[in-house]
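> quick one, what's the 3D model for this:
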Amino acid sequence: MPAVVGAPAGPGLINRSHDLFKIVMRVPDEISDAEARGIINAMPPDIADTLEAVLAPRVRYASIVFLKMLGQWLVNAKEAKASGKKVILVPFNFVPEFVHAFENAVPITSEFLTTVAGNATQGKGHRYWDEAMGLGIPDHLCSASTIELGSMLGRDDLEADAIISCTAGACDANAKIHEFVANYLGIPQFIVEKPVDDSERGIEAYKKSFFRMVDQVQEFVGEEIKEERLRKVIEYCNRAAELHYQIWELKKNIPCPVPNLYNMWIYGTRFTMWGRPEAVRTMQVLADDSRKKLESGEYPAPEELARCGWLYTGYYIDFGGFYNWMEEQGYSYLFDVLDLFFPEPISTENKQVMLEGMCEAARTFTMTRQMGAESMSVAWIEDAIHMAKEMNTNCGIYCGHHACKQTWSVISIVQKELMDRIGAPTLALQGDAWLSGVTPMSSLQADIDEFIRNVVVKKKKSKEKKIRSRGGAK
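A predicted model of the protein is given here:
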């Protein structure tokens, strides 16, 4: 379908990102400080700010490997149609390895494209949000999907051939805009329904829905998934999962040797190239670098004042002002809700068993697992507290994203349970994870800083004082 009449001329988000990442893919894996500075200085301000963060010496090598993986992901999607392949749009909480199992289909993930737009393009994606609003899309929908899809609808940009939608109940805002895009572009939408029923009956209903989708996509692509190709994909998934849990164990150390930015690199890998060798290499580099930091004592921050568990998403509008800034203050970013996907090894016995393992991975994927559960508050609390205990978290921070109204309804319960069960206070913030104009990063920094220094650190010192006092009494 052609771009909307009256839409601004110029390249769309995918095309712009593709062109930029083609340049990134030519950069050597290891570059000097002077070379990094030269690249940063050659870029427009918004892109330069992002590169300043991702090319910081302590994360540079791993970041370049991650960005090259993303570049390959974009190249695969951009060049798919020229070779007769289908481009299938998937939401962040669907398993991309399912699409990677096809020889003639490639996945593109809407929310991660928006994250790329907010950090790798001049203007931070705002123009695409404005164009979506110009189409009449309501502003209470999620910017995570609206920014990327605003480009797909409003410009001469890469268009998906089909959409896999699995977010109804877990993320209704996401589900509705995918429905709108499918209808507007006249492309099929394959729906996986997640009943709010975690009993055997609910699991069986989800499995039927998943396998119905498998049949529909195979017919659409014109290809039946081959067992040997699926086995190779699952082997890559299993290896990436092993590396994920290696990093998990490393995060338990005090101070944490895993740089804050790596949290996003981990789930960015999960949402895009899981099931591919590029994902295994990226996870290997993240694990090896974190282990090296632990063994050498070269921690990302000179002093760890707080071990923070983010109870919802992070903020993706300024990597340097968010992840790196927190690290430089001594605030470790141990996890957020997008880390809560808990990958399990999948048996490669036969095709049916492998597809069933993939189905279960989709059913228990992050956000589907919590927000689409039989009880959102119970599932969210149990997963958050499990992670908080595992990571020795001493505080929680909630990113009150504007579109996720359902989470605002239960955050007070999560807050109370976190305090009652592990004694960790929680800060609730308001803003938009992908639109920098809603709440400036400077305001978020001020709130985080005030909370940690006046609540978390004082509570920590008071606890240490009591322990010393008991020791003296003995």
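
> in a strand, Val87, correct?
Yes - per DSSP: H, G, I helix; E, B strand; the rest coil, Val87 lies within a strand segment.

> list the contacts of it.
Ala77, Ala80, Lys81, Ala105, Val106, Ile108, Leu158, Glu159, Ala160, Asp161 (Cβ atoms under 8 Å, 6 or more residues apart in numbering). For glycine as for every other residue, the C-beta is placed from the backbone atoms N, C-alpha and C.

> out of those, which end up buried?
Listed as buried from those are Ala77, Ala80, Ala105, Val106, Ile108, Leu158, Glu159, Ala160, Asp161; burial here means 16 or more other Cβ atoms under 10 Å.

> now tabulate those in TSV and tack on distance to Trp380, pLDDT and secondary structure.
Listed next are these as TSV, based on distance: Cβ to Cβ, whole Å; pLDDT from 0 to 100; DSSP: H, G, I helix; E, B strand; the rest coil:
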residue	distance to Trp380	pLDDT	secondary structure
Ala77	32	93	helix
Ala80	36	94	coil
Ala105	33	98	strand
Val106	32	98	strand
Ile108	28	94	strand
Leu158	35	87	coil
Glu159	35	90	coil
Ala160	30	94	coil
Asp161	34	96	coil
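
> from Thr282, how far out is the closest residue to Phe341 other than its chain neighbours?
Leaving aside its sequence neighbours, Phe341 sits nearest to Thr366 (Cβ to Cβ, 6 or more residues apart in numbering; 4.3 Å). Distance from Thr366 to Thr282, counting by Cβ to Cβ, to the nearest Å: 18 Å.

> looking at those two, which is more packed in?
Just comparing Thr366 and Thr282: by other Cβ atoms under 10 Å the higher neighbour count belongs to Thr282, 26 against 21.

> OK, contacts around that one?
Contacts of Thr282 (Cβ under 8 Å, 6+ apart): Ala62, Val65, Phe66, Met69, Trp265, Thr269, Met273.

> state the distance from it to Leu444.
For Thr282, the distance to Leu444 - Cβ to Cβ - is 28 Å.

> turn the contacts of Val87 into CSV, columns for distance to Val456.
Below are these laid out as CSV (distance: Cβ to Cβ, whole Å):
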residue, distance to Val456
Ala77, 42
Ala80, 47
Lys81, 51
Ala105, 47
Val106, 44
Ile108, 39
Leu158, 44
Glu159, 47
Ala160, 44
Asp161, 48
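
> and of those residues, the nearest to Glu228?
Ala105 (16.9 Å; Cβ to Cβ).

> what count of nearby residues applies to the nearest residue to Pro57 once chain neighbours are set aside?
Closest residue to Pro57 apart from its sequence neighbours, by Cβ to Cβ, 6+ apart: Asp33 at 6.8 Å. Counted by other Cβ under 10 Å, the residues lying close to Asp33 total 10.

> now do the strands in the stretch 51-200 of the chain.
For the stretch 51-200 of the chain, the strands defined by DSSP state E, counting those that start in this stretch cover 86-90, 105-109, 162-165, 189-191.

> columns distance to Arg421 on top of those strands, output as a markdown table?
A markdown table is the format used below for these (distance: least, Cβ to Cβ, whole Å):
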| stretch | distance to Arg421 |
| --- | --- |
| strand 86-90 | 35 |
| strand 105-109 | 34 |
| strand 162-165 | 35 |
| strand 189-191 | 37 |
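
> so for Asp432, which of those sits nearest?
strand 105-109 (19.1 Å).

> between the closest one and strand 86-90, how big is the angle?
30 degrees (axes from the mean of the first three to the mean of the last three Cα atoms, to 10 degrees).

> touching, Gly400 and Ala428? I think so.
Yes - using Cβ atoms under 8 Å, Gly400 is in contact with Ala428, at 5.9 Å.

> who touches both of these two?
Ile411.

> low-confidence stretches in the stretch 51-200 of the chain?
155, 169 (pLDDT under 70).

> which helix or strand contains the nearest residue to Asn41 once chain neighbours are set aside?
Distance criterion Cβ to Cβ, 6+ apart; nearest residue to Asn41, sequence neighbours excluded, is Ala48 at 7.2 Å. Per DSSP states H and E, Ala48 falls inside helix 45-54.

> before we move on, what about Tyr398?
strand 395-401.

> measure how far that strand is from the centre of its chain, please.
Relative to the mean C-alpha coordinate of its chain, strand 395-401 is positioned 16 Å out (Cα atoms, centre = their mean, to the nearest Å).

> partners of that strand in the sheet?
Sheet pairing of strand 395-401 (DSSP bridges) gives strand 306-310 (parallel), strand 426-431 (parallel).

> out of the ones you listed, which gets nearest to Phe210?
Among the strands paired with strand 395-401, the nearest to Phe210 by Cβ to Cβ is strand 306-310 (29.4 Å).

> element containing Ala373?
With DSSP H and E as the test, Ala373 turns up in no helix or strand.

> neighbours around the closest residue to it other than its chain neighbours, how many?
Nearest-residue entry for Ala373: Ala379, 3.5 Å, with adjacent residues in sequence omitted and distances by Cβ to Cβ, 6+ apart. Taking other Cβ under 10 Å as the criterion, the count of residues near Ala379 is 18.

> what about the helix or strand hosting Ala379, average pLDDT?
For Ala379, the host element (DSSP H and E) is helix 376-390. The average pLDDT within helix 376-390 is 93.

> tell me which of the strands of the stretch 51-200 of the chain lies nearest to Met387.
Among the strands of the stretch 51-200 of the chain, strand 105-109 comes nearest to Met387, with 23.0 Å by Cβ to Cβ.

> contact partners of that closest one?
Residues contacting strand 105-109 (Cβ under 8 Å, 6+ apart): 14, 73, 76-77, 80, 85-92, 96, 98-100, 158, 160, 217, 221, 223, 271-272.

> using PDB, list the CA coordinates for the helix or strand hosting Val353.
For Val353, the element it lies in under DSSP H and E is helix 351-363. Coordinates of each C-alpha in helix 351-363 appear next as PDB, following Å, rounded to 0.1, in the frame of the first residue of the first chain:
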ATOM      1  CA  LYS A 351       9.500 -32.000  15.500                       C
ATOM      2  CA  GLN A 352       6.300 -32.300  17.600                       C
ATOM      3  CA  VAL A 353       8.300 -32.100  20.800                       C
ATOM      4  CA  MET A 354      10.300 -29.100  19.600                       C
ATOM      5  CA  LEU A 355       7.200 -27.200  18.600                       C
ATOM      6  CA  GLU A 356       5.500 -28.000  21.900                       C
ATOM      7  CA  GLY A 357       8.600 -26.600  23.700                       C
ATOM      8  CA  MET A 358       8.400 -23.500  21.600                       C
ATOM      9  CA  CYS A 359       4.700 -23.200  22.400                       C
ATOM     10  CA  GLU A 360       5.400 -23.400  26.200                       C
ATOM     11  CA  ALA A 361       8.200 -20.700  25.800                       C
ATOM     12  CA  ALA A 362       5.600 -18.500  24.100                       C
ATOM     13  CA  ARG A 363       2.900 -19.200  26.700                       C
END
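
> good, we can wrap up now.
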